[in-house]
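Asks: Provide a 3D model corresponding to the input given below.
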Amino acid sequence: MAALLRYPGKVVIVTRGTSDIGVATVREFVRQGANVVFCAKASNESQVSMHKEKMMFRVEELKTALNGNEWIGAQGAFPIFCSSPSRGKRKVCSSDNCSVLSLAAEKGQAIQRDLQSCGWAGDAFFQVCDVCRESDIQRLIQVTLQRYGCLDCVVNLAEHAHVEPLEDVTAQEFSNNVDRNVVSCFLVCKYALPYLRETKGNIVNLGRLAAVIGIKDALPSVTSKGAVIAMTKALAIDESKCGVRVNSISPGHITSLWEKEALRFRNPEAVLQEVETYQPMGRMGTPDEVALAILFLAADATFCTGLNLLITGGAELGFGIKSQMGPDCSALSVGNLVYPPSNE
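Replies: Predicted coordinates for the structure are as follows:
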């Protein structure tokens, strides 16, 4: 049985493991015999301040949303119902603070139970971790070592997207993007590398096609993801003497992301149809296809390091509309947004 598995007995950490790509990656590694510790934030407090002023409804609308039930917040605080329609999350704020009713931890534990009941050769364990906090990252590494005894691979999937015209991007939003995409990746690598050197393991970081070719109105994301790709190459050089491989993947247009993002535009169906035409293959990719590419880099690509593997269906090939001088007729133009950028 073990001879048929591609990563038997290996120990893997997957950050942002409850995302669509994260779940697909964890599942594929477990199916191939790996023991996986995957993580996610317990809650999403950082998003509250970004949406608080943009997505507020009056208390009358809160009552309607709650089926007309009379309700007030703790200690009689005036309640405001906040929701990001594109993400389907519900937030309840008081006049003094705002907390998120997050199900991230419950979702992670449910994924763990499902994978452990599949009968596959590997194992899965969920750990709450905010990858922007050094103490959380150190705890994540130690939990992994205590549970499985070593570390063979780290898959950094944490990311923070921001699509908005430059004039509307604040310095704090730009800094948050860099922290979530670049600093978190650096910190996970830093604390994992002492143990990866012992096993001559490997790292797979998450870039994005946008960081390779550039896209409009996404300066923070393009900049920070470009930094991740550059970091991957620098780490590959530094760690080659220790036998540690460092690679990255850059997904293009993936179904699960665009099915959510399209809801932010006036004509979601037109958006999806347009995005499908971006690939010579005539379709978008799936989280499972991204997961298979990550597994390839971890398990099979033993002579690859410093590689940025494009998972794009060829979207970067050929010619397209390049001029920024005329009117933007794309269904994806910022002018066609119904809801503010999600910044997630």
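Asks: where does the protein have its least confident helix or strand?
Replies: Ranked by mean pLDDT, DSSP states H and E, the weakest helix or strand in the chain is strand 80-84, scoring a mean of 37.
Asks: low-confidence stretches in the stretch 151-300 of the chain?
Replies: Across the stretch 151-300 of the chain, nothing is flagged by pLDDT under 70.
Asks: the strands in it, which residues?
Replies: Using DSSP state E, counting those that start in this stretch, the strands of the stretch 151-300 of the chain run over 153-156, 202-206, 245-251.
Asks: give me the angle between the longest one and strand 202-206.
Replies: Using axes from the mean of the first three to the mean of the last three CA atoms, to 10 degrees, the interaxial angle of strand 245-251 with respect to strand 202-206 works out to 20 degrees.
Asks: hey, C-alpha coordinates of strand 245-251 in PDB?
Replies: C-alpha atoms of strand 245-251 as PDB (Å, rounded to 0.1, in the frame of the first residue of the first chain):
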ATOM      1  CA  ARG A 245      14.100  23.000  -1.700                       C
ATOM      2  CA  VAL A 246      11.900  26.100  -1.900                       C
ATOM      3  CA  ASN A 247       9.400  26.600  -4.700                       C
ATOM      4  CA  SER A 248       6.200  28.600  -5.300                       C
ATOM      5  CA  ILE A 249       3.000  28.200  -7.200                       C
ATOM      6  CA  SER A 250       1.100  31.000  -8.900                       C
ATOM      7  CA  PRO A 251      -2.500  30.100  -9.600                       C
END
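Asks: need the residues that contact it.
Replies: For strand 245-251, contacts defined as CB atoms under 8 Å, 6 or more residues apart in numbering pick out 21, 189, 201-209, 211-212, 225, 228-229, 232, 235-236, 239, 285, 290, 293-294, 297, 301-302, 304-312. The way it works is simple: take the backbone N, C-alpha and C, and place the C-beta from them, glycine included.
Asks: and those residues, which are buried?
Replies: Taking 16 or more other CB atoms under 10 Å as the criterion, what is buried in these is 21, 189, 201-209, 211-212, 225, 228-229, 232, 235-236, 239, 285, 290, 293-294, 297, 301, 305-312.
Asks: narrow these to those in helices?
Replies: Secondary structure assignment by DSSP state H places 21, 189, 209, 211-212, 225, 228-229, 232, 235-236, 239, 290, 293-294 of these in helices.
Asks: the helix or strand hosting residue 114 packs against which elements?
Replies: Using DSSP states H and E, residue 114 sits in helix 104-116. The contact analysis (3 or more CB pairs under 8 Å, 6 or more residues apart in numbering; DSSP states H and E) places helix 104-116 against helix 20-31, strand 35-40, strand 123-128.
Asks: what does the longest one contact?
Replies: Looking back up the chat, that one is helix 20-31. So helix 20-31 is contacted by 7, 10, 12, 14-17, 36, 38, 40, 111, 115, 118, 120-124, 155, 157, 206, 251, 254, 256-257, 286-288, 290-292, 294-295, 298 (CB under 8 Å, 6+ apart).
Asks: now the angle from it to strand 202-206?
Replies: Using the same axes, to 10 degrees: helix 20-31 against strand 202-206 is 160 degrees.
Asks: mind saving the C-alpha coords of helix 20-31 as PDB?
Replies: C-alpha atoms of helix 20-31 as PDB (Å, rounded to 0.1, in the frame of the first residue of the first chain):
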ATOM      1  CA  ASP A  20     -10.800  26.200  -0.800                       C
ATOM      2  CA  ILE A  21      -7.300  25.600  -2.000                       C
ATOM      3  CA  GLY A  22      -6.200  24.800   1.500                       C
ATOM      4  CA  VAL A  23      -8.800  22.100   2.000                       C
ATOM      5  CA  ALA A  24      -8.000  20.500  -1.300                       C
ATOM      6  CA  THR A  25      -4.300  20.500  -0.500                       C
ATOM      7  CA  VAL A  26      -4.800  19.000   3.000                       C
ATOM      8  CA  ARG A  27      -7.100  16.300   1.500                       C
ATOM      9  CA  GLU A  28      -4.600  15.400  -1.300                       C
ATOM     10  CA  PHE A  29      -1.700  15.100   1.100                       C
ATOM     11  CA  VAL A  30      -3.600  13.000   3.600                       C
ATOM     12  CA  ARG A  31      -4.800  10.800   0.700                       C
END
